[in-house]
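A.B. asks: build the 3D model from these lines:
(2 chains)
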Protein chains: 2
Amino acid sequence: MTRWTVMGEKAKRELLAARAFLAAVAEPPAPALAGFVAERGPCRAVGLIQREKAPPDVAAEVEARRWHVSGEQLLAAAESAGVRLVVPEDPEWPRGAFDGLSGARSIDLPGMAEPIALWVRGKAVLSEAAEQAVAVVGARAASGYGEHVAAEFGHELATAGFTVVSGAAYGIDGAAHRGALAAGGLTVAFLACGVDVDYPAGHGRLLRVIADQGVVVSEYPLGTPPRKHRFLVRNRLIASVGQATVVVEASARSGAANTANTADALGRPVLAVPGPVTSKNSVGCHGMVRSGQAVLVTRTQEVLEALSPLGALPAVEIPAQHRRTDGLHPDARRLHDALTGTDCASADELARDSGLPLGKVRALLPELELAGFVTRSEGGWSATE
Amino acid sequence: MTRWTVMGEKAKRELLAARAFLAAVAEPPAPALAGFVAERGPCRAVGLIQREKAPPDVAAEVEARRWHVSGEQLLAAAESAGVRLVVPEDPEWPRGAFDGLSGARSIDLPGMAEPIALWVRGKAVLSEAAEQAVAVVGARAASGYGEHVAAEFGHELATAGFTVVSGAAYGIDGAAHRGALAAGGLTVAFLACGVDVDYPAGHGRLLRVIADQGVVVSEYPLGTPPRKHRFLVRNRLIASVGQATVVVEASARSGAANTANTADALGRPVLAVPGPVTSKNSVGCHGMVRSGQAVLVTRTQEVLEALSPLGALPAVEIPAQHRRTDGLHPDARRLHDALTGTDCASADELARDSGLPLGKVRALLPELELAGFVTRSEGGWSATE
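C.D. replies: Okay, the predicted model is just below:
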């Protein structure tokens, strides 16, 4: 394949038109077509399709739209809308990000395929945005708790230099994008419709802000309406661009579970945020942890640990609240315990109460006094406050 | 050892007095003394201690109280308070429940020891109550959420025929006991003080209700005040009587974590209930799940699964919400998707929109019509509501 940088403008244009055609002529994912393009190259593939010389599996995928798609027209419309087509030959293509998908071959991901091209709207460079990226996904009908946590994770991941990848849906997705935006970070929204379609309708402004600071991306040509199956198909792009997928809230049946399954099949860590067991929004997350598909995470630091090049999670460090008596030997602590609540006690009484030998009590008391834990008065020993 | 049932009253009394003495003469856990009693038998052990003929490690454990304890007096005081002493020779002893503790030998449980005798207040039979028992423990400063969940688990475990074992503390413990009581079930409270001491003060009434329906149990003689270290020592009894330990809420540093550690060292399942990551009360539970010490559980059914004799957790079944189109072939669903939002579409249009070959669309439409998913009118095809 000719390097993009040394390719003439005309050759680039032909290549873009070819990929625009190929991306639109079959409904993604089109595993036969993707394999055919990878094998023959995009321009040759277009020629063979248009001359009805494609193999039967490819022909079946493109039959319905073969005579209805024009790559040139799609490109022209995108240009006037300020949308660009990013293709694998372009340095802006997130190299390697979709490799795991080029497997109708993979038994874990039947029917999957890498995208043939991506429509991109926005100021960020997709390849750079995808370099260090974490997917944050979850329920649309999220709880206030879930949105709060998603926004926190989005904000902290962005602050840590990670791009937040999500699907621009209501609920968790939107909160994660907003968190990243508020941190001045990069965020990528993969849509299940054209990048010019404001879906969901209430997120039109959010999508414009994402495009201003990050990118809005889709496999579908401008104007393509969302469809149920397109959300599932789109999810594979989120799962494969994210180096890990964090599921913040997910009900028993959710698109987030689908994204998590894909991330899992791709060998990417799946991380699930727990929540109240009384909330239906966390049922999916808890199920993923119980089945072993996901690792439970409670804060961004734990997400970063899952991404550490060592692969292993470092030991969990629970920040402990320290007590004054923590450093004491267990016997000294037992003696100190026996002093609590008594006003003045003799060594003898303390030995009986604590069960420690009198000799040990006599040896420990002056040490505790020196350390400021006990005081001696005429009536006996007392604990200091 | 002579069988309890054929033992004369005098022999029983002597045995009880000996064990009452032994249980009080050293501060639990007293591994040397426990080993000594197991080896020599309680009455011989008392004689050797009183004649100062015990080995040095035993002598050190009993030195402070040797001349201050009378088994007979302890028994008499208990009798007049309606409290009985349950000893390993008695059929009421929960046989096997403490076996894992008789290990100053165990490297996982250094300094542990089985109890020498147990003071019991209440109407239930300890051995029967301990037969099928689950420990439910957690934070004293629990949230409303935590108390709600603990009460639910307590209620459901009791309903399922399990005894709820806990520590009668404020917060999770109290809620778990109350749940079991409300279900008319059995519950056992292990105290870190004498069974006649109302601790915590506000749980005096609860302790009386527990005694009415279950049992209140302690290693400590009547009147013994609680001490910090006694809570930790007491926790080992909760962990070993419970066939599993459920931690409902636990902050980073908590007694519940200590109970969980003991249960873990004893090889009993530790189960942790998740909660909001924004709650400090769930930090300990999440940490246990992350470290692999605990299995995440969200409902009683999952606790019972962990106790199943098969040992393995059955696959997680997430109750799915079914959609009308669930049974459809993916191609049929894609076609149905394409119909959504259009009023009247031709097979040709539907093929282009869905990307399915026209032949397939023409074959699928009548099938979908028969199944009631689409209707045909003069203008074309529409989806039914």
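A.B. asks: sec struct for the spatially most central residue of chain A, please.
C.D. replies: By Cα atoms, centre = their mean, chain A has its centre lying nearest to residue A:135, at 2.2 Å. At residue A:135 the chain is in strand, as set by DSSP: H, G, I helix; E, B strand; the rest coil.
A.B. asks: what about it, distance to chain B?
C.D. replies: 18 Å (Cβ to the nearest Cβ, to the nearest Å). The way it works is simple: take the backbone N, C-alpha and C, and place the C-beta from them, glycine included.
A.B. asks: just give the number of residues close to the nearest residue to that residue once chain neighbours are set aside.
C.D. replies: Nearest residue to residue A:135 in three dimensions, chain neighbours excluded: residue A:242, at 2.9 Å (Cβ to Cβ, 6 or more residues apart in numbering or on different chains). By the criterion of other Cβ atoms under 10 Å in any protein chain shown, residue A:242 has 28 neighbours.
A.B. asks: correct me, but residue A:242 touches residue A:133?
C.D. replies: Yes - with contact defined as Cβ atoms under 8 Å, residue A:242 counts as touching residue A:133 (5.5 Å).
A.B. asks: please enumerate the shared neighbours of the two.
C.D. replies: Both residue A:242 and residue A:133 are in contact with residue A:165, where contact means Cβ atoms under 8 Å, 6 or more residues apart in numbering or on different chains.
A.B. asks: just to revisit the earlier point, give the contact list for the residue nearest to the centre of chain A.
C.D. replies: Neighbour list for residue A:135: A:164-166, A:238-239, A:241-242, A:244-246, A:259, A:263 [criterion: Cβ under 8 Å, 6+ apart].
A.B. asks: who does it bridge with?
C.D. replies: For residue A:135, the beta-bridge partners are residue A:165, residue A:245 (DSSP bridges).
A.B. asks: gap between it and residue B:283?
C.D. replies: Distance, residue A:135 to residue B:283, by Cβ to Cβ, to the nearest Å: 25 Å.
A.B. asks: check residue A:28 too.
C.D. replies: Applying Cβ to Cβ, the value for residue A:28 to residue B:283 is 43 Å.
A.B. asks: my guess is residue A:172 contacts residue A:150. True?
C.D. replies: Yes - with contact defined as Cβ under 8 Å, residue A:172 counts as touching residue A:150 (4.5 Å).
A.B. asks: neighbour count: these two, which is higher?
C.D. replies: Per other Cβ under 10 Å, whichever of residue A:172 and residue A:150 has more neighbours is residue A:172, with 34 against 31.
A.B. asks: what sits closest to that one if chain neighbours are left out?
C.D. replies: residue A:138 (2.8 Å).
A.B. asks: let me know the pLDDT of the closest residue to chain B within the stretch 101-250 of chain A.
C.D. replies: Distance from chain B to each residue of the stretch 101-250 of chain A (Cβ to the nearest Cβ) is smallest for residue A:227, at 4.1 Å. Model confidence at residue A:227, given as pLDDT, is 93.
A.B. asks: same question, residue A:323
C.D. replies: For residue A:323, pLDDT reads 70.
A.B. asks: domains in chain A, by residue range?
C.D. replies: Here the domain parsing of chain A from automatic domain parsing is A:117-306, A:324-383.
A.B. asks: just say which of the ones you listed is most tucked in.
C.D. replies: Across those, averaging neighbours per residue (mean count of other Cβ atoms under 10 Å in any protein chain shown) puts domain A:117-306 on top, at a mean of 23.
A.B. asks: quote the end-to-end distance of that one.
C.D. replies: In domain A:117-306, first residue to last residue: 30 Å (Cα to Cα, to the nearest Å).
A.B. asks: list the contacts for the residue nearest to residue A:132 when sequence neighbours are not counted?
C.D. replies: Closest residue in space to residue A:132, ignoring its immediate chain neighbours: residue A:162 at 5.1 Å, by Cβ to Cβ, 6+ apart. By Cβ under 8 Å, 6+ apart, residue A:162 lies in contact with A:132-134, A:185.
A.B. asks: for chain B, what's its nearest residue on the stretch 201-350 of chain A.
C.D. replies: For the stretch 201-350 of chain A, Cβ to the nearest Cβ, closest residue to chain B: residue A:274, 3.3 Å.
A.B. asks: surely that residue and residue A:298 touch.
C.D. replies: Yes - with contact defined as Cβ under 8 Å, residue A:274 counts as touching residue A:298 (7.2 Å).
A.B. asks: what is in contact with the two at once?
C.D. replies: Contact criterion Cβ under 8 Å, 6+ apart; residues shared by residue A:274 and residue A:298: B:277, B:286.
A.B. asks: thinking again about what came up before, can I get the contacts of residue A:135 in TSV with pLDDT?
C.D. replies: Shown next, in TSV, are those (pLDDT from 0 to 100):
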residue	pLDDT
A:164	98
A:165	98
A:166	98
A:238	97
A:239	96
A:241	97
A:242	97
A:244	97
A:245	98
A:246	98
A:259	94
A:263	94
